[in-house]
Every structure is written in C-alpha cells, then in structure tokens.
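**Q** pasting a predicted model and its sequence here:
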Amino acid sequence: GDSVTQMEGPVTLSEEAFLTINCTYTATGYPSLFWYVQYPGEGLQLLLKATKADDKGSNKGFEATYRKETTSFHLEKGSVQVSDSAVYFCALANSGYALNFGKGTSLLVTP
Amino acid sequence: NAGVTQTPKFQVLKTGQSMTLQCAQDMNHNSMYWYRQDPGMGLRLIYYSASEGTTDKGEVPNGYNVSRLNKREFSLRLESAAPSQTSVYFCASSDYGGLPNNQPQHFGDGTRLSIL
C-alpha cells in the first residue's frame, strides 16, 4: 500500500540556517504530494503541494519539488526563523479520498 | 472566518463511558474526515465522508462510529471508551475534486481526549 517516510526528528537549527526535511514515498500511479505544518496546540495547515512530477510547490519561503525518479518530496527553506518552529508532515493523496501522512518531523529554531 | 470548529477542546472520560465529538465546517465542503494523532504515529484516518449521506471506514475504525448529520456537520462517537483511545482527534474537510482527491484539507484545532 501507499506510505510516506519522513526523517526522524527533532531537528534543531539556529535562526537563519538552511533547512531540509527529507520525505520519500511509496505509491502506485501518480499521487499528489503535500507538506502540512502544525504549530503547538493547533491543527494542521497546508504549507504547499505538488500534483505532478517536477512540479515545485512553494509558500512562505518553503519549497519542495516532486521527484518521481527518486520518489521524494523534500522540504527546504533557505533561512529559518524562530517562528518556523513546528511539526512538519509530508502526505500523499492517491487513489482514495483521504491523505496518507508521514509521522511528522519536529523543528525547533533557536535565536 | 471559523473554518472547521471542533467541540469540546478537552475531555476526560472513564473507561466504558460514551461521548460524541462534534465537528462543523462553514466552507461548503463536500468531504469530511476524522483522524487521530498519537505520538510517533502521525495522523491516522478513522472515518471519512466523501459527500453528504455517505460514510466509509478508514485505517483505524474499530471502537468508533460516525454520523454525517448534514453537509456542515460530521460527528464521531465513542460508544464504550477504552484507554487505547486516548489521543488527539482532528476533524478536517475538503472540496471534492475527483480521485485522487488532491484538494487541500482544512483542519480543526483538535480535541484532546484522555480515557482513564
């Protein structure tokens, strides 16, 4: 079945550091891929998405490129801020109605 | 600007008690979902409703029932609560755009449920 694998956290970075959170997936066909972010005490919010190979999703300085050849959708940001501290979830949508989530990666950015 | 509203936000139950978690959305979305979030497990789908009048099981439906009361409301019921159901429960909604359903899901802030 479909699955999403994210790098284990927590990830701790200093402000203005470069961020990469790895995400790989297993799926048949052509899934759509998403990154969601969860701030403390809140629900998940869509950060960005890509619906076909080589698409790049971007939002709030975050980017991720849908790489079918490596089945990956890694999240990157050039310069993180303290306000980016949150849990990040990679997810895919394939043949069904619901999303298939990774386990989440916690990010802590220190001043 | 409510989006998806869940009630209650916190609840403590004793084993064997029953309760209903409420969810309402004001975005006129067709599809609604219930997930549970457990440490180290990500989000797992309990039940979903692709459209008003339909409900289907997700990955972890045992011990739960749902009702799609109308287009806005989707409730989750625990008939006889067990400690293994201690979790954070999220309701979400989305437009329906065909399959695969790549429409963004909008989440409520969650219900934190503890079962003693």
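**A** Happy to help now that I have it. Numbers count the residues shown, from 1 in each chain, chains lettered A, B, ... in the order given.
**Q** isn't B:S18 right next to B:A82, touching?
**A** No - assessed by C-beta atoms under 8 Å, B:S18 is found out of contact with B:A82, at 11.4 Å. All C-beta spots, glycine's among them, are computed from the backbone N, C-alpha and C.
**Q** which one of those two is surrounded by more residues?
**A** A count of neighbours by other C-beta atoms under 10 Å in any protein chain shown puts B:A82 above the other of B:S18 and B:A82, at 13 against 10.
**Q** contacts only, for that one.
**A** B:T15, B:G63, B:I115 (C-beta atoms under 8 Å, 6 or more residues apart in numbering or on different chains).
**Q** can you tell me how far it is from B:L113?
**A** Separation of B:A82 from B:L113 (C-beta to C-beta, to the nearest Å): 11 Å.
**Q** A:L108 now?
**A** Distance from A:L108 to B:L113, counting by C-beta to C-beta: 27 Å.
**Q** these two: who's more crowded?
**A** More neighbours surround B:L113 than the other of A:L108 and B:L113, with 20 against 14 (other C-beta under 10 Å).
**Q** surely B:S84 is within a helix?
**A** Yes - assigned with DSSP: H, G, I helix; E, B strand; the rest coil, B:S84 falls within a helix.
**Q** residues contacting it?
**A** B:G63.
**Q** quick check, pLDDT for it.
**A** On pLDDT, B:S84 comes in at 95.
**Q** so what's B:T55 up against?
**A** B:Y47, B:Y48, B:S49, B:V66, B:S67, B:R68.
**Q** return only those of those found close to chain A.
**A** Near chain A, judged by C-beta under 8 Å from any C-beta of the partner chain, the entries from the contacts of B:T55 are B:Y48.
**Q** which among the contacts of B:T55 end up buried?
**A** With neighbours counted using 16 or more other C-beta atoms under 10 Å in any protein chain shown, those contain these buried positions: B:Y47, B:Y48, B:S49, B:V66, B:R68.
**Q** which one of the residues you listed is nearest to A:K77?
**A** Nearest to A:K77 among the buried ones among the contacts of B:T55 is B:Y48, at 31.5 Å by C-beta to C-beta.
**Q** grab the nearest non-local neighbour of residue 70.
**A** Reading this off chain A. A:T24 (7.5 Å; C-beta to C-beta, 6 or more residues apart in numbering or on different chains).
**Q** nope, chain B please
**A** With C-beta to C-beta, 6+ apart as the criterion, B:N70 has its nearest non-adjacent residue at 6.6 Å, and that residue is B:E52.
**Q** OK, contacts around that neighbour?
**A** B:E52 neighbours (C-beta under 8 Å, 6+ apart): B:N30, B:R68, B:N70, B:K71.
**Q** which of those tops the neighbour count?
**A** Neighbour-wise, the contacts of B:E52 (other C-beta under 10 Å) top out at B:R68, 19 neighbours.
**Q** return the residues in contact with it.
**A** Going by C-beta under 8 Å, 6+ apart, B:R68 touches B:M32, B:S49, B:E52, B:G53, B:T54, B:T55, B:F74.
**Q** mind checking the SS state of the first one?
**A** Three states are possible here, and by three-state DSSP the one that applies to B:M32 is strand.
**Q** quick revisit: for the contacts of B:A82, which single residue is the most surrounded?
**A** Busiest of the contacts of B:A82 [other C-beta under 10 Å] is B:I115, holding 19 neighbours.
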